[in-house]
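Colleague: quick one, what's the 3D model for this:
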Amino acid sequence: MYKDQNPYHLGRVYKIGEKCSKCGFKYKIEPSFFFGAMYESYSFGVGLGVAVFIIANNFSGFHDKMVLSQ
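Modeller: Residues are numbered from 1 along each chain as shown. Presented below is the predicted three-dimensional model:
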């Protein structure tokens, strides 16, 4: 399946042949793979952004200055 069997050759670790060497089945990536990756990446980014905002808001002291000035 993989062209280079050595997992330490990082530049070639994801290179695969076009067909299975035993049965001749042609490999292809399913379109739903890209949609799933897009949704996972978006949810991870939103979660990370919210976490950074909460941490920065709680530890920056900016919120305390806003409350005292009113």
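Colleague: tell me, how many neighbours does the residue lying closest to residue 13 once chain neighbours are set aside end up with?
Modeller: Ranked by Cβ to Cβ, 6 or more residues apart in numbering and with sequence neighbours excluded, the top spatial neighbour of residue 13 is residue 7, at 6.2 Å. Any C-beta I mention is one placed from the backbone N, CA and C, and that applies to glycine too. Applying other Cβ atoms under 10 Å, we find 9 other residues in the vicinity of residue 7.
Colleague: make sure residue 7 is actually in contact with residue 14.
Modeller: No. With contact defined as Cβ atoms under 8 Å, residue 7 and residue 14 do not form a contacting pair (10.9 Å).
Colleague: next, residue 14: phi, psi?
Modeller: phi -100, psi 10 (degrees, to the nearest 10).
Colleague: cool, residue 26 as well?
Modeller: Main-chain torsions, residue 26, degrees, to the nearest 10: phi -80, psi 120.
Colleague: the closest residue to it other than its chain neighbours and residue 41, how far apart?
Modeller: Nearest residue to residue 26 in three dimensions, chain neighbours excluded: residue 19, at 5.3 Å (Cβ to Cβ, 6+ apart). Per Cβ to Cβ, to the nearest Å, residue 19 is found 30 Å from residue 41.
Colleague: and if you look at residue 6?
Modeller: Using Cβ to Cβ, residue 6 is found at 29 Å from residue 41.
Colleague: in which helix or strand would I find the residue positioned nearest the centre of the chain?
Modeller: The centroid of the chain falls nearest to residue 41 when counting by Cα atoms, centre = their mean (5.1 Å). Using DSSP states H and E, the element containing residue 41 is helix 31-59.
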